[in-house]
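Asks: Give me the fold of what follows.
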Amino acid sequence: DALPILLRLFLPEGFAPASNLEVSVDLIANIASALANNLFSQVAVLIGLIALIGLLLQRKPLEQVVGGAVRATLGVVILNIGVDIFVAGLVAFQAIVSSAFGITPPTSTSNMATFLVGRGTVVPLVIAFGFLIHLVLVALFKSARYVYLTGHLMYWMSLVLVATFVEAIPGADPVALTVVSSVVVACYWTLQPMWMEPLMKRAVGGDNFGLGHTTSCLALLSGYGAKALRLGDPVKHDTEKIRMPKAISFLKDINVSTVFVIGIIMIVSIFFADGGVVTKQMGDSTMAPVMWGFVQALRFAAGIAVLLYGVRMFLAEIVPAFRGISQKLLPGSRPALDIPTVFPKSPTAVMIGFLASMVTFLVCMGVFATAGWFALVPPMIMLFFGGGAAGVFGNATAGWRGAVFGGVLNGLILAFGQWIGWGWYSSTAPELATLADPDWYAIGWLFLGLGKMFEGLGGVGLWIVGAAALVVTMAALLFVRKRSVLNAEGAETEEKTK
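Replies: A predicted model of the protein is given here:
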């Protein structure tokens, strides 16, 4: 009796199957698509559901279950409202800065929209199957401590890997493409929070939650690179302890400094940008361009303030609620969350990293344009989130100099990654090069190279790459587990000796 209901829910209206097999395949595909569109891409709903399950498993009273789940959901909604506010400003900022530099975006014969209705239609399946495999890995291996919950990046990383394997082995069949992409992305979601764990402890002061974000390679380079170069002392040179002359001490307030810095850059860019571009970005506004630019800076700062409030709100609920899952369903596990969760600890480092990242990228824009290499498009959203993250992790190991170092790294990675990646994804979705976080380049290019090595084997080569990724991941998890056991035994022996 349930089958007709499922068919009406998930299969297109008027669908006439030729066989039961066709019904099964299409039903699975549509269920996966529905999960991707209504759960994994709706982070607020996903976080609220996780909080609800966790509280129920702890047998909390009804009022705590309902209140905790709603507050966790509402916190993410508030966070997203903040993101929407300042991202709208970043989009206008990006267009005006590009115009001021006389940059025309690059073009390609292929684009993401076309890819998504072609070979890219398997992406929802990859998200659903990948998350299932990820949960199995977390359940089977005690060393796999983190459950990846950054829903929107599940979509993007799945898309990157599908495009990567299509570029590497164009003739691969959809089944191999789906299964191998699912396995590889599950391995990434499992390992990525783990390799960030030591730095996360330093950056946020604990391990109640992990980082689930595609800036992890940048964070590692920023944190450990700044430490290796001995750029500063994380306590003495902490960004949150920077002293300023009394006359400009108001800039210590992150909201005030954001308004001033972004406002100045926006207003200067307006003077040099094409008038038509500025008018288009202003829309129906009747304000003078300079005043409009200043208001955008105010909205940008307000968006960040709302974002940080939302982060604090949902963290206060999801961390204790997740204990139910870590105690009953997935023993010892922790949630791996989005990058804004590290921002409240060091908001000044966020702004320093962003500014260093943006200035570096703008310098690269000028150099690339002068040399005739490539027309870089400033990805302001990635410059903010990546630069902010790099600032936080650089500050955690080397203070404000580490924050500057991390921001510069982000600007360089995004500039050169955009230049190189545009050509490498030219036949699938070249926009992935301009929308990318550093992990997109690192993981995508790694598997692009591996896929090219086995291109001559066709679909078999793709299966080999997937199997190799799974074997390496399981070996890494076993190694981490063994090392943990040995460390625990060593600590116990030392305690007995004392």
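Asks: hey, let's count contacts and neighbours off CA atoms from now on
Replies: OK.
Asks: what is the mean pLDDT for the helix or strand containing residue 306?
Replies: Using DSSP states H and E, the element containing residue 306 is helix 289-321. When pLDDT is averaged over helix 289-321, the result is 85.
Asks: Would you mark the buried spots in it?
Replies: Buried residues in helix 289-321, defined by neighbour count with 16 or more other Cα atoms under 10 Å: 289-290, 292-315, 317-319, 321.
Asks: for stretch 62-77, same thing?
Replies: With the criterion 16+ other Cα under 10 Å, stretch 62-77 contains buried residues 65-66, 68-77.
Asks: Show me what that stretch is in contact with.
Replies: Contact with stretch 62-77 is made by 43-45, 47-49, 51-52, 55-56, 309-318, 321, as judged by Cα atoms under 8 Å, 6 or more residues apart in numbering.
Asks: ok, now with 7 Å
Replies: Under the contact criterion Cα atoms under 7 Å, 6 or more residues apart in numbering, stretch 62-77 has outside partners 44-45, 47-48, 51-52, 55-56, 310-311, 313-314, 317-318.
Asks: list the helices and strands the helix or strand harbouring residue 413 packs on?
Replies: Take DSSP H and E as the rule and residue 413 turns out to sit in helix 380-424. Under the contact criterion of 3 or more Cα pairs under 7 Å, 6 or more residues apart in numbering; DSSP states H and E, helix 380-424 touches helix 62-100, helix 197-204, helix 216-228, helix 347-371, helix 431-434, helix 438-453.
Asks: Low-confidence stretches in the stretch 201-350 of the chain?
Replies: Scanning the stretch 201-350 of the chain for pLDDT under 70 picks out 244, 247-252, 254.
Asks: ok so, going back, would you tell me which of the helices and strands packed on helix 380-424 gets closest to residue 335?
Replies: The closest of these to residue 335 is helix 197-204. By Cα to Cα, the value is 11.9 Å.
Asks: which residues in the stretch 151-300 of the chain form strands?
Replies: For the stretch 151-300 of the chain, the strands defined by DSSP state E, counting those that start in this stretch cover 210-211.
Asks: Tell me which of the helices and strands packed on helix 380-424 sits nearest to residue 266.
Replies: helix 62-100 (6.6 Å).
Asks: And whichever helix or strand comes after that closest one, what does it pack against?
Replies: As assigned by DSSP H and E, the chain's next helix or strand after helix 62-100 is helix 112-116. Using 3+ Cα pairs under 7 Å, 6+ apart, no helix or strand is in contact with helix 112-116.
Asks: any residues touching helix 112-116, and which ones?
Replies: 428-429, 431.
Asks: Quick check: of the residues you listed, which lies closest to residue 235?
Replies: Nearest to residue 235, judged by Cα to Cα, of the contacts of helix 112-116 is residue 431 at 40.4 Å.
Asks: By pLDDT, give me the weakest of the buried residues of stretch 62-77.
Replies: residue 76 (82).
Asks: how close does that one sit to residue 197?
Replies: Distance, residue 76 to residue 197, by Cα to Cα, to the nearest Å: 23 Å.
Asks: what's the answer for residue 312, then?
Replies: Distance, residue 312 to residue 197, by Cα to Cα: 20 Å.
Asks: Please apply the same query to residue 453.
Replies: Applying Cα to Cα to residue 453 and residue 197 gives a distance of 32 Å.
Asks: So which of those two has more stuff around it?
Replies: More crowded of residue 453 and residue 197, by other Cα atoms under 10 Å: residue 197, with 18 against 15.
Asks: Next, the contact list for the more buried one, please.
Replies: Residue 197 makes contact with residue 210 under the criterion Cα under 7 Å, 6+ apart.
Asks: State the pLDDT value of it.
Replies: So residue 197 comes in at 92 (pLDDT).
Asks: do the one 3 residues further on as well
Replies: According to the prediction, residue 200 has pLDDT 92.
Asks: next one: stretch 313-324 to chain centre, how far?
Replies: Taking Cα atoms, centre = their mean, to the nearest Å, one finds stretch 313-324 lying 20 Å from the centre of the chain it belongs to.
Asks: mind saving the C-alpha coords of it as CSV?
Replies: Output of stretch 313-324 as CSV, limited to C-alpha atoms (Å, rounded to 0.1, in the frame of the first residue of the first chain):
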residue,chain,number,x,y,z
MET,A,313,22.7,30.5,19.9
PHE,A,314,22.8,27.2,17.9
LEU,A,315,26.1,26.1,19.5
ALA,A,316,24.6,26.5,23.0
GLU,A,317,21.9,23.9,21.9
ILE,A,318,23.6,21.5,19.4
VAL,A,319,26.7,20.7,21.5
PRO,A,320,24.8,19.4,24.6
ALA,A,321,22.0,17.9,22.5
PHE,A,322,24.6,15.9,20.4
ARG,A,323,25.6,14.1,23.6
GLY,A,324,22.6,11.8,23.1
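Asks: quick one: contacts of it?
Replies: 51, 54-55, 57-58, 68, 71-72, 75-76, 208-209.
Asks: Poorly predicted segments of the stretch 51-200 of the chain, please.
Replies: Checking the stretch 51-200 of the chain against pLDDT under 70 turns up 87, 90.
Asks: before we move on, back to that, now the buried residues of stretch 62-77 in a markdown table, with distance to residue 84?
Replies: Shown next, in a markdown table, are the buried residues of stretch 62-77 (distance: Cα to Cα, whole Å):
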| residue | distance to residue 84 |
| --- | --- |
| 65 | 29 |
| 66 | 27 |
| 68 | 24 |
| 69 | 23 |
| 70 | 21 |
| 71 | 20 |
| 72 | 19 |
| 73 | 17 |
| 74 | 15 |
| 75 | 14 |
| 76 | 12 |
| 77 | 10 |
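Asks: picking that back up, distance to residue 386 for the helices and strands packed on helix 380-424 - can I get that in CSV?
Replies: Listed next are the helices and strands packed on helix 380-424 as CSV, based on distance: least, Cα to Cα, whole Å:
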stretch, distance to residue 386
helix 62-100, 14
helix 197-204, 15
helix 216-228, 8
helix 347-371, 8
helix 431-434, 13
helix 438-453, 8
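Asks: do you know which of those lies nearest residue 169?
Replies: Residue 169 lies closest to helix 438-453 among the helices and strands packed on helix 380-424, at 6.4 Å (Cα to Cα).
Asks: Specify the angle between that closest one and helix 380-424 in degrees.
Replies: Here the directions of helix 438-453 and helix 380-424 differ by 10 degrees (axes from the mean of the first three to the mean of the last three Cα atoms, to 10 degrees).
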